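[1] Here's my sequence, what's the structure:
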Amino acid sequence: MSERKLRMGMVGGGPGAFIGEVHRKASRIDGHIELVAGAFDINPEKSRQLGAELGLEPARIYADYKEMILKESALPKDKRIDFVSVATPNNWHFPIAKAFLEAGFNVMCEKPMTMSVAEAIELQGVVKKSGKTFGLMHNYTGYPMVKLARDLVKAGRLGILRKIVVCYPQGWMAKPIEKAGQMQASWRTDPKQSGAAGCIGDIGSHCENMAEYISGLKITELCADLTSFVEGRRLDDDGNVLLRFENGVKGVLHCSQISISEENGLSLWLYGSEGGLEWHQEHPNQLLFKPQDKPVEIWSRGNPYVAQASPAAARGTRVPAGHPEGFLEAFANIYANFAETILQKENGKQLDEIALDFPSVEEGLRGLAFIEACVASAKDGSKWIKL
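    Numbering: from 1, shown residues only. Here you go, the predicted structure:
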């Protein structure tokens, strides 16, 4: 990568926000990105407070994203931000991403990309027309062993793929904590901020993205049962979905935020005619490979045999085997590939396929199609719905 650091702006991620701080930390890991501007909170005073804590120039701490676009656009090209990271509640993703793209800025956006399929299709057109680089932060695809799993499937190590099981249990919303003002729960349970879905949009969309990423197959139909177990909660907090993929592959998807004692148990199992794979996000440095009629193999991140099987996994590895890497590094891998692509475009270079390995607007559209299909299926008595 070029020695020039990319200049990053951020919208959202204000005081008390979880994901904004994760973005800030992860983007700095490789030393190629520097946060220089932001509109961090809907309250301008809180935005100024956080910007000052982060050591930003006062003139580049903005009251809102519109002021940020106006004033950053007026700066010389070698001073203005190269891209914006959108780390707001869901309802702001579309208008902010659209406005920055139309103003000529690259965009990294939190998922889900928009509030509806209609908005996602419109944003897809905006990205194409702008010619700018758009990244979507489905961070779990940044794990090296997830990339290894994808490449083992692609290489035919499982034979003919038959079944995919993916689950993401959490327990943090088993009680009505939104009523006590818990910020992360409050906006996630508010249809005006979260959209038509709760749990299925928040973490179920990660399951959908991971299943399609590793398998290389698209979901074609689904049958969903969504439930709001906590009394008075307006959006689902538990989801169970049957899946049909291309090539006749079948799947099961489960996500929950009321599974008491569970933390962030995103896990996948893939089964083919010759073998299987198993990966757990809470133990991300190992991938289980299960060949037919042979002992189970434990593949560990950072070893030469992993690099041989998956250059993408090797690229996303920073420290030797046995030194654990995890959540922040997965985010950083998405940022590293996104930044590399921006610089390659800027320098007129041919785009590197391995650097293009980050979620894009197409994955964003797939996510919204999945969410809307789940909601429609559940409302119609768990009817099968085509994507």
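[2] What residue in the chain is the furthest from its centre?
    residue 293 (35.9 Å; C-alpha atoms, centre = their mean).
[3] Pull up the gap between it and residue 106, please.
    Note on residue 293: its distance to residue 106, by C-beta to C-beta, to the nearest Å, is 49 Å. (Each C-beta comes from the backbone N, C-alpha and C, glycine too.)
[4] name the element residue 11 belongs to?
    strand 6-12 (DSSP states H and E).
[5] Could you do residue 187 as well?
    Here residue 187 is assigned to helix 183-188, by DSSP H and E.
[6] export that helix as CSV, just CAs?
    What follows is helix 183-188, C-alpha atoms only, in CSV (Å, rounded to 0.1, in the frame of the first residue of the first chain):
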residue,chain,number,x,y,z
MET,A,183,-29.0,3.2,24.4
GLN,A,184,-28.0,0.2,22.2
ALA,A,185,-31.3,-1.6,22.9
SER,A,186,-33.4,1.5,22.6
TRP,A,187,-32.7,2.2,18.9
ARG,A,188,-32.6,-1.4,18.0
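[7] is it fair to say residue 212 lies in a strand?
    No. If the criterion is DSSP: H, G, I helix; E, B strand; the rest coil, then residue 212 is helix and not within a strand.
[8] can you give me the helices for the stretch 51-200 of the chain?
    65-73, 93-102, 117-130, 144-154, 183-188, 191-194, 199-202 (DSSP state H, counting those that start in this stretch).
[9] need the strands for this structure, in chain order.
    With DSSP state E as the criterion, the chain has strands at 6-12, 33-39, 83-87, 106-110, 134-137, 161-169, 219-227, 238-245, 250-256, 267-272, 275-280, 286-291, 297-300, 385-386.
[10] name the helices or strands packed onto the first one?
    Contact partners of strand 6-12 among helices and strands, from 3 or more C-beta pairs under 8 Å, 6 or more residues apart in numbering; DSSP states H and E: helix 18-28, strand 33-39, helix 65-73, strand 83-87, helix 327-346.
[11] which of those sits most buried?
    Among those, strand 83-87 has the highest mean neighbour count (mean count of other C-beta atoms under 10 Å), at a mean of 27.
[12] List the neighbouring strands of that strand plus their orientation.
    strand 6-12 (parallel), strand 106-110 (parallel) (DSSP bridges).
[13] pLDDT averaged over that strand, what's the number?
    Mean pLDDT, computed over strand 83-87, is 98.
[14] and what of stretch 150-164?
    98.
[15] Could you do stretch 257-276 as well?
    98.
[16] Adjust the sequence numbering to begin at 13 for everything that follows.
    In the new numbering, first residue 13, that becomes stretch 269-288.
[17] Give me the buried positions along that stretch.
    Under the neighbour-count criterion of 16 or more other C-beta atoms under 10 Å, stretch 269-288 has 269-271, 274, 277-284, 287-288 buried.
[18] Next, give me the two most distant ones among those residues.
    270 and 287 (34.1 Å; C-beta to C-beta).
[19] my read: residue 124 touches residue 208, true?
    No. In this structure residue 124 lies outside contact range of residue 208 using C-beta atoms under 8 Å: 10.2 Å.
[20] rewinding a little: what does the helix holding residue 199 contact?
    Residues outside helix 195-200 that contact it (C-beta atoms under 8 Å, 6 or more residues apart in numbering) are 28-30, 101, 184-185, 189-190, 205-206, 210, 214, 247.
[21] Can you give me the neighbour number for residue 58?
    14 (other C-beta atoms under 10 Å).
[22] just residue 158 next, same as before
    Residue 158, neighbours per other C-beta under 10 Å, totals 26.
[23] go on, the one 10 residues further on?
    Look at residue 168: counted by other C-beta under 10 Å, it has 12 neighbours.
[24] now do residue 268
    Residues near residue 268, counting by other C-beta under 10 Å: 26.
[25] cool, and residue 361?
    Neighbour tally, residue 361, other C-beta under 10 Å: 12.
[26] now it: how far from residue 348?
    From residue 361 to residue 348 the distance is 16 Å (C-beta to C-beta).
[27] what ranges of this protein fall below the confidence cut-off?
    Counting by pLDDT under 70, the low-confidence segments of the chain come to 13-15.
[28] switch to 50 and redo it
    Applying pLDDT under 50 to the chain flags no residue at all.
[29] Would you map out the domains in this structure?
    Listed domain ranges for the chain are 18-152+345-370, 161-338+379-391 (source: automatic domain parsing).
[30] Out of these, the one nearest residue 397 is which?
    Of all the domains of the chain, domain 161-338+379-391 sits nearest to residue 397, with 4.4 Å by C-beta to C-beta.
[31] At the geometric centre of the chain, which residue do we find?
    Note: the chain centre (C-alpha atoms, centre = their mean) maps to residue 150, 1.4 Å.
[32] isn't it right up against residue 373?
    No. In this structure, residue 150 is not within contact of residue 373 by C-beta under 8 Å, at 12.0 Å.
[33] Against residue 224, how distant is the closest residue to residue 213 other than its chain neighbours?
    Nearest residue to residue 213 in three dimensions, chain neighbours excluded: residue 383, at 4.8 Å (C-beta to C-beta, 6 or more residues apart in numbering). Per C-beta to C-beta, residue 383 is found 14 Å from residue 224.
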